[in-house]
Every structure is written in structure tokens, then in C-alpha cells.
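Visitor: Return atomic coordinates for the entry below.
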Amino acid sequence: MRQFSQLLDGLVYTRSRNGKLDLIANYMASAPDPDRGWALAALTGNLDIKAVKASAIGEMIRARTDPVLFEMSRDYVGDLAETVALLWPKREDQPAEIDDGSLTLSAIVDRLHGVSRAAAPATLAQMMDHLDASGRFALLKLATGGLRVGISARLAKTGFAQAFNLDVDDVEECWHALTPPYAALFDWAEGRSGRPDPAGTPFFRPFMLAHPLEADSVDLADYAAEWKWDGIRVQIVGTGRETRLYSRAGDDITGSFPEIAEAFTAHAVLDGELLVRGEFQGGEAASFNALQQRLGRKAVTAKMMSDYPAFVRLYDILLHADEDLRALPWEQRRPRLEALVPALDPDRFDLSALIEATDFETLADIRAGARDAAIEGVMLKRRDSPYVAGRKAALWYKWKRDPLTADCVMMYAQRGHGKRSSFYSDYTFGCWTPDGELLPVGKAYSGFTDEELKWLDRFVRTNTVNRFGPVREVEKSLVLEVAFDSIHDSKRHKSGLAMRFPRIARIRRDKPASEADTVEGLKRLVS
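Guide: Below you'll find the model as predicted:
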């Protein structure tokens, strides 16, 4: 467990991507089996321990220490696991640490998998009594599944691949044929067997991604243009017998959108954008805000599917039957996709249309006029480009529409997570109503530099007027210029609005709060 806790500590405090990769690679190359397999499962979000709930951890620490002290400490630290790990008082009759094999990572996972929900707190407490603060932090993060150490599943797989000089895309292609603790994966990595073969299963293939367009123009003789739709990118994998739906990160989201999987009976792998049909748009795509009602749900009701009917707007075709089409140029794959679409359920699948433009200047004018709720920008695809994993220079470009901006007033602040757990870095902001009331219109936690974060944190601490648990209400005096991709009607918020991808563009210390924007003004920007 010590080696795993050191890995987590290193990932929390290491800022560079390469530094994080080195930490993961070194761990994967040196840790014993099956510990490293369970660690990989935890880092990629594939370790599910159902018996331990965050509420039980709170009850455990309240039984061991002063509840008021715990609440004050949690408010200051901002993270439940870190607070409990630091505050946990060991029983005096227990040794500081033990090393008899009962607290290896694999032994801990086995115990937690086998314990009932009722017995989980006592089991967890017993183990915590034998660990230091770093070990307790790692144990609690492991048990609750919320590592929050600043890495994605893809980065964890990349670190694994780096440890054994493998191609991460080769790892991705066999990933969904594997189960933790990944013995077959490590056998392949260390040369004891061939690569695990996922043939016959609906497995994930890495997506082709785009670079932001930075050039002033491209030649439309070489590039095709189509809309960049504002949903989530998905891959539909059908074997003819079974269909799975994957997100861009390779997460299986079939359970969240079962109607899509049920409607797809082809033997093919397609790339597209998952969207929800709009109620008042003739069945066209609704805003991302509508899609959010479906995201993250492991199971959905019939009413949810009826209220927010999902469909996929198709971009590309990777495989058809047993033929791998990825090496073909886009201009040959596109007709294959167009030929397949008429055979699919029209309620669940349609084709992303190409944009007809004679030159780049005409395309720029078309893009500038696009404020459809579901359009995020334009995609430019080189006509001779194969479908290759990751971002390859000069093949695909994304040309997002320019962001909207509004001057808003900071209303509330909350501590961040991980390396930001000591800073107030999550800000809720609002705009004015005609009668002088501030209503929240969004929340942002990005867009500012480290120096600006320190300044904002000091502002929150010195201008707090009220506290609501971990949330601080601040004096309504600081204006933040907020950039956002689009704004939509929302019944969930008092202002009636929801921003898409809000981020802090500037701190307007020069502007009085009374001159910030109004809710009515924002409503005129609704797509």
C-alpha cells in the first residue's frame, strides 16, 4: 500500500504531464502483481467498490473525534478523504504500521470487495488504524472511487504503455477485452504472451481528434467542411449480435442510452455526435443543456427517454462488416458512410451534412452567422486523410465559433480539489434583474492564472459576508468577465439560464459591480 500511496501523493503534487507519466510508468514497471493491476483499474476508473459510501466515512470520523472540529477542518481542507486522513486518531493499542501482507493493495481490494455495506466502516477503520496519513488518504480514495489526482483514464493508459514501450493505441484496442487486475495485459507487456485479442467483442477503437485551427485559412480544394455539433462524441460498435456505445475517453455509456444500442443492428463501427432532439425545433438537435439531462445516468426511465430522445449525427465510418476502412482516405470513407445511413433507423441516426462553400471567405461568413443551439463551430477534414488515432498535424481542424462574453458579479466561492483544495477556486457569479437583485447565471473554475487564483482566493477570504458549509458568500463587489460558448434556457436555475463552458476571461477590478450585465441582456443571447 505504501508504494500506491506514494504514487497518489506524487500525482497530486506533480503538475507536468510528463512528470505524471513518469510516476505512473515507474510504478507499473516496479510494483508487484496484482497490486499494479488494481492500481491501473483505480486510475482508469474501473475499480468499483460498492460497500463504501462517503456518508459512512463521515460517520466514522465523527465517532472518533469532535464533530465540530471535523466540520471546521473539512471546510478548511475542502476534501473529505484528505481531511479524514489527516485528522484520524489511531487507537492507542494499535501499532503505527504493520507489514504482514494484510495491507497490500490487492489484499485491501479483496477485503473491500468481500465486505457488506454494514460491516464496511468497521473494516475500513481497522485498516486505517495501521496506516500513516498518506496510506489513509490512498485507502479512502481507493474505497470511494474518487481519486481526483489530476489524470484521465487515457493518461493512465499512456503511462502504462510508456512503462513497457507499447503504443497506447494498441493498449486501447484491447482494453475492453480485459478485466481487472489485467493479468493478460501485463503478460503481453512483459513478453509472456501475445496481445489480448478482443475479436468478436464490441470493443473500442481510439478516436481521431482535431487540432484547433490557427492558420488564417485553408484551401477548400484540400479540405471538406462540416458542422461541429455541440453534443458528445460517441463511437457505435456493432458486431451484428451486440452493440456498445463508447464516449471519447473509451467509457461504455450504453446503459445511459440503451435506445441507441437497440436501434443499431449493423456490423460496423461508426463515429458521430450524440444529441437530443429539440422540442420546438422540428425534431432538430437541441442544446447541450438538454443532453445533460441524460448524461452520467447508469440507467434511464422510459419517461427520460421520451422527454429527451437521443440520436446520433454520424461523422465517419471505421469498419464495415469485417473490413477495416480506417486506412482509406476520408473522401473514400464518406461515400461508404452515406451508403450505410439509409439502412439505419432514421429516428436514431442521421448524417452530418457537409457545408457548401466556394472558398474560405464564404465559409467564414457562414460560420459567423451560425448561432444554432447545437452548433459549436466548423470541422475541416483533409480529403485524403486516413482515420488515425489521436491528433495528427494538418489532417483535421476544429474551428470553434467565437465565445460570447458577459460581465458578471462574483456571489459565492468554494474550495477546489486536489492541488487547489487550499484555494477558493470555484466561483458562482450572477447578473442583475431590473429590481436590483443578483441572480446566479453560472459557475466557473478555470481561465485564470496561478497568480490570479491567489488574488481571487485573498479576495474571497477578506470579503466573506456569510458561510453555508463549505460555501462562502462574498461581498457583491467584484466583476468577472466570463466567456462562454453559448447560453440556453434552463428550468433548473432561478435566472432561467444556463451557460455552456463558462470560464473566467478577465478580472474586472476596474469596473463597478453596478455596471455588470443584466439577466435580460443575457436572455437576448439565448441560442
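Visitor: chain center to the helix or strand of the chain with the lowest mean pLDDT: distance?
Guide: Of all helical and strand segments in the chain, the minimum by mean pLDDT, DSSP states H and E falls on helix 288-291, at a mean of 79. Relative to its parent chain, helix 288-291 has a centroid offset of 16 Å by CA atoms, centre = their mean, to the nearest Å.
Visitor: Can you tell me what sits against it?
Guide: Helix 288-291 is contacted by residues 230-232, 274-276, 278, 308, 310, 374, 486, 488-490, 498, 500 when judged by CB atoms under 8 Å, 6 or more residues apart in numbering. Heads up, the C-betas are built off the backbone N, CA and C, glycines and all.
Visitor: which ones among the residues you listed are found in strands?
Guide: Counting by DSSP state E, the contacts of helix 288-291 place 232, 274-276, 310, 486, 488-489, 498, 500 in strands.
Visitor: which of these lies closest to residue 151?
Guide: Proximity of the ones in strands among the contacts of helix 288-291 to residue 151 (CB to CB) peaks at residue 232, which lies at 20.4 Å.
Visitor: Looking at the closest residue to residue 105 other than its chain neighbours now. What's its pLDDT?
Guide: Spatial nearest neighbour of residue 105, excluding adjacent residues (CB to CB, 6 or more residues apart in numbering): residue 35 at 4.0 Å. Per-residue pLDDT puts residue 35 at 96.
Visitor: re the thing from before, could you dump the ones in strands among the contacts of helix 288-291 to TSV with pLDDT and neighbour count?
Guide: Below are these laid out as TSV (pLDDT from 0 to 100; neighbours: other CB atoms under 10 Å):
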residue	pLDDT	neighbour count
232	92	16
274	96	23
275	94	25
276	92	23
310	95	25
486	81	24
488	84	19
489	84	15
498	87	22
500	84	20
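Visitor: Looking at the residues you listed, spot the one nearest residue 120.
Guide: Distances from residue 120 to those, taken by CB to CB, are shortest for residue 232, at 33.7 Å.
Visitor: My guess is that closest one contacts residue 273. True?
Guide: Yes. With contact defined as CB atoms under 8 Å, residue 232 reaches residue 273; the gap is 7.1 Å.
Visitor: can you pull out the helices in the stretch 51-200 of the chain?
Guide: 54-64, 67-77, 80-87, 105-114, 120-128, 133-144, 153-163, 168-175, 183-189 (DSSP state H, counting those that start in this stretch).
Visitor: Of all these, which one is nearest residue 249?
Guide: Comparing the helices of the stretch 51-200 of the chain under CB to CB, the one sitting nearest is helix 153-163, at 5.5 Å.
Visitor: residues making contact with the closest one?
Guide: 17, 20-26, 28-29, 40, 43-45, 151, 166-168, 170-172, 175, 185, 189, 249-251.
Visitor: which among those end up buried?
Guide: 20-26, 28, 40, 43-45, 151, 166, 168, 171-172, 175, 185, 189, 250 (16 or more other CB atoms under 10 Å).
Visitor: any idea how far residue 127 is from the closest residue to residue 305 other than its chain neighbours?
Guide: Distances taken as CB to CB, 6+ apart place residue 259 nearest to residue 305, at 5.6 Å, with adjacent residues excluded. Using CB to CB, to the nearest Å, residue 259 is found at 43 Å from residue 127.
Visitor: And for residue 43?
Guide: For residue 43, the distance to residue 127 - CB to CB - is 20 Å.
Visitor: And for residue 56?
Guide: For residue 56, the distance to residue 127 - CB to CB - is 14 Å.
Visitor: Show me the chain divided up by domain.
Guide: Split into domains by automatic domain parsing, the chain comes to 2-144, 208-400, 404-523.
Visitor: Low-confidence ranges, the chain, go.
Guide: 92-101, 279-283, 371-373, 418, 527 (pLDDT under 70).
Visitor: Tell me where the stretch 201-350 of the chain has strands.
Guide: 208-209, 211-212, 223-229, 232-239, 243-247, 267-276, 310-320, 323-324, 349-351 (DSSP state E, counting those that start in this stretch).
Visitor: For the first one, which strands pair with it and how are they oriented?
Guide: Applying DSSP bridges to the sheet, strand 208-209 is found paired with strand 390-391 (parallel).
Visitor: which residues are in contact with the strand it pairs with?
Guide: 169, 206, 208-211.
Visitor: Please repeat the previous calculation with a cut-off of 7 Å.
Guide: Contact with strand 390-391 is made by 206, 209-211, as judged by CB atoms under 7 Å, 6 or more residues apart in numbering.
Visitor: can you check stretch 52-71 too?
Guide: Against stretch 52-71 from outside (CB under 7 Å, 6+ apart): 80, 84, 87-89, 112, 120-121, 124-125, 140, 143-144.
Visitor: Understood, closing this out.
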